[in-house]
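Trainee: Predicted model follows, preceded by the sequence.
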Amino acid sequence: MRKSSVVVGLVAAACSLAAGCGGGGAGGPEARTGRAQAAGGCGRMKPGVGAKPIAPMRQGATVALARIGDRTIAYVADEDDANVHTVDVKTGAELGTSKLKGTPSQLLVAPDGRVMVALKDQAAVEVLEPGEDASAPLESRCVVPTPVEPVALATTPDDGAVLVTSGWGAALTAYDTASMTRMYEVPLAREPRAVVVSDDGKKAFVAHVVGSRMSVVDLVAKRASIVDVGGAEVSRGFGRGTLLDLVDDSAVDRRGCQGYALAKSTSVSGRIFAPQVLVDPGRADQRSEGYGSGNGMNPPEVAAIAVIDEDLARPMAESVSVKPSLHQMTGNARPIPQCLLPRAAAVDAASRSLFVACAGIDAVVEYDAGAADPQHAERRRFPVASGPTGIAIDPVGRRAVVWSQFDRTLNVIPLGAPGAESAFGEEPQQTVRVALSREAGTAATADLELGRKLFHMTGDARISSDGRACASCHPDGRDDALTWATPDGPRQTPMLAGRLRETAPYGWMGNGESVKDHLASTFQRLGGVGLSGRELDALVAFATSLRAPATGSAQTEDAVLVERGRAVFHSSETGCASCHSDGNGYTDRSAHDVASRAAADIVPAFDTPSLRFVGGTAPYFHDGRYPTLRAMLVGADGKMGHTKGLSQNDLDALEAYLRSL
């Protein structure tokens, strides 16, 4: 199956995954170090020339707005073509394109008009300068190295520093805005994404795709702490989330996941909005009918918007409390599709509204930003083209500008006067959809484009009966770091990207001889009726073409240590390579009984997993029992290889080698 540029940038585009909703550590020091690239001066050559940002816009996105004269223009980061489109927002005219040196994730317009673009496949930020003519290509000024996979940008309130989060590199790095000189770096937990800065400039808040966490970075002390953004719901006998039985008053914990987006309140100070999904994966010691312990009354995944108190650095309890739904209880109302794949967010100060771009349902949802629980204070919905990944608010023109990557369309949505509302679910007639150009030779195959949409489609009964999409458990084609209750016992979600080719059979028990076979089993467990024909082929084509993190440019902290670890790995005394041969995707494609059977498991033997990218996919084992690589190396001794007795130096070397795979 052919690869295509459509999968080059999939990270923020719709659903992403290594840092685990469930937990796990960062990808290791070697994953946090980006390749140094030669860079010239980053400052402006022609100060005062060209477009300037619509102030104050200090957070990156896949679409950013600027003003030149009396015109508002949009800069759009196109990951499929690796360029920036420049569009006149009012007329919808595409003014021009600027070729980038890599695949973009977010971009940001600096106060002086320079456009800073995170290049996720190059471990770098490219800085470009506009000219007098908005239709002319932006001029590349410099390329600045970052930790692996930079994904999000923000500036401090004084505009003195640019902050960059790196997904696979698990770090936040600060650069001087004027010179782009590196100032400092703070290690983070797995899979960080969006970043915003507090009003006083002393703290940065970072969302994580997995781990039920938000990082709060002290920008003065240069250290990070973790805030739990998970929630809870009341269990009342007849099913979690109902009020039909007052016997059982226990609470069920839910894990926060899909943390791609953040938005900072501007009308009500001190609030940060974190659209996410709250997940109940079920109990590891109990079997379930599918994946997780949810049912029709209480789905395993529900949409939520955590409201973070900036001063207290914790979520308001009301915003992460899963409430009963009258629609679920009575069954008399048509279910409203939930935003299970939030990908971007922005706040309109004039109307005190929060706008969230939702992949899967291809809509932008407007919420009351002043509500204690915005998720239950929805105002309007605006249908948009497929795959919305970015949103920007134009306060001058009173419109929302949304980039839909899958359909390569810019949506311009008039917002009307502050407080004006249209009928629920109706699309304003004035909404304009602008199809942007595609560079010659970069068009994706129709099957891959279809497969990408299917992978991120929520609410499709062919895939699941509870609204989940493939991307719900496999954000960016990776893993959610969760261990799910299943009919066979506890099962930890494996990473897909970079692992599917030549690693059959599939599934922890090795029951799927092909990806199609495994998908059929997955659909069945999710309660879906299944896909067939061209659609099934397209989904398989997309899944097997998912690209893993671009870590080829990463440099290890100690290459000698890695080489020593390689020798330990392949030694007959340790025995790692006897099952994880490096010539075969680090798997022997066989099932083994390594004495790892859990209480709820129905079989004792499990398929040998690939070790590709193992350093960034914690937790480990089929039931996620080991939270870190070191815990697994020490705790699994005698079950698979012999590692517990290694010296401290050899353990360090072996772990470094595993993180380099």
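Mentor: Alright, I've got the coordinates.

Trainee: Phi first, then psi, for the nearest residue to residue 516 once chain neighbours are set aside.
Mentor: Using CB to CB, 6 or more residues apart in numbering and skipping residues adjacent in sequence, the residue nearest residue 516 is residue 540, 5.8 Å away. Using the backbone N, CA and C atoms, a C-beta is placed for each residue, glycine as well. With angles defined as degrees, to the nearest 10, residue 540 sits at phi -60, psi -40.

Trainee: just residue 455 next, same as before
Mentor: Here residue 455 shows phi and psi, under degrees, to the nearest 10, equal to phi -60, psi -30.

Trainee: so who does the residue lying closest to it once chain neighbours are set aside touch?
Mentor: Leaving aside its sequence neighbours, residue 455 sits nearest to residue 470 (CB to CB, 6+ apart; 4.5 Å). Counting by CB atoms under 8 Å, 6 or more residues apart in numbering, residue 470 makes contact with 15, 454-456, 463, 539, 543.

Trainee: domain assignment for this structure?
Mentor: Here the domain parsing of the chain from automatic domain parsing is 5-25+444-545, 29-34+52-435, 559-660.

Trainee: Among those, which comes closest to residue 42?
Mentor: Closest approach to residue 42 among those (CB to CB): domain 29-34+52-435, 4.0 Å.

Trainee: Just the contacts of residue 470: which are in helices?
Mentor: Judged by DSSP state H, the contacts of residue 470 include 454-455, 539, 543 as members of helices.

Trainee: Now do the same for residue 103: its pLDDT.
Mentor: Confidence at residue 103, expressed as pLDDT, is 97.

Trainee: Tell me how many other residues surround it.
Mentor: Residue 103 sits with 25 neighbouring residues when counted by other CB atoms under 10 Å.

Trainee: Test my guess that it contacts residue 124.
Mentor: No - taking contacts as CB atoms under 8 Å, residue 103 lies outside contact range of residue 124: 10.7 Å.

Trainee: Residue 471: what secondary structure?
Mentor: Following DSSP: H, G, I helix; E, B strand; the rest coil, residue 471 is assigned to helix.

Trainee: State the distance from the residue nearest to residue 455 to residue 523.
Mentor: 10 Å (CB to CB, to the nearest Å).

Trainee: any common contacting residues for these two?
Mentor: residue 463.

Trainee: any low-confidence regions in the stretch 1-150 of the chain?
Mentor: Along the stretch 1-150 of the chain, the parts satisfying pLDDT under 70 run over 1-40.

Trainee: With the stretch 351-500 of the chain instead?
Mentor: 417-429, 440-444.

Trainee: can you map out the helices along it?
Mentor: 446-455, 470-473 (DSSP state H, counting those that start in this stretch).

Trainee: Pick the most deeply packed of these.
Mentor: Among the helices of the stretch 351-500 of the chain, helix 470-473 has the highest mean neighbour count (mean count of other CB atoms under 10 Å), at a mean of 28.

Trainee: ok now it, how far from the chain's centre?
Mentor: 11 Å (CA atoms, centre = their mean, to the nearest Å).

Trainee: what does stretch 382-396 give?
Mentor: That offset, for stretch 382-396, works out to 18 Å (CA atoms, centre = their mean).

Trainee: ok, now stretch 453-460?
Mentor: 16 Å.

Trainee: what sits up against it?
Mentor: So stretch 453-460 is contacted by 14-15, 337-338, 340-341, 359-361, 386-387, 406, 463, 467-472, 474, 477, 528, 531, 535, 538-539, 542-543 (CB under 8 Å, 6+ apart).

Trainee: Over to stretch 284-299?
Mentor: Against stretch 284-299 from outside (CB under 8 Å, 6+ apart): 233, 238-242, 279-283, 300-301, 328-329, 466-468, 473, 483-491, 525-527, 598-600, 602, 623-624.

Trainee: And the average pLDDT for that stretch is what?
Mentor: 78.

Trainee: Quote the end-to-end distance of that stretch.
Mentor: 17 Å (CA to CA, to the nearest Å).

Trainee: Then stretch 379-390?
Mentor: Using CA to CA, the two ends of stretch 379-390 sit 20 Å apart.

Trainee: Show me which residues of that stretch are buried.
Mentor: 379-382, 384-390 (16 or more other CB atoms under 10 Å).

Trainee: returning to what we had before: got a pLDDT number for the residue nearest to residue 516?
Mentor: For residue 540, pLDDT reads 93.

Trainee: wait, isn't it in contact with residue 517?
Mentor: No - assessed by CB under 8 Å, residue 540 is found out of contact with residue 517, at 10.4 Å.
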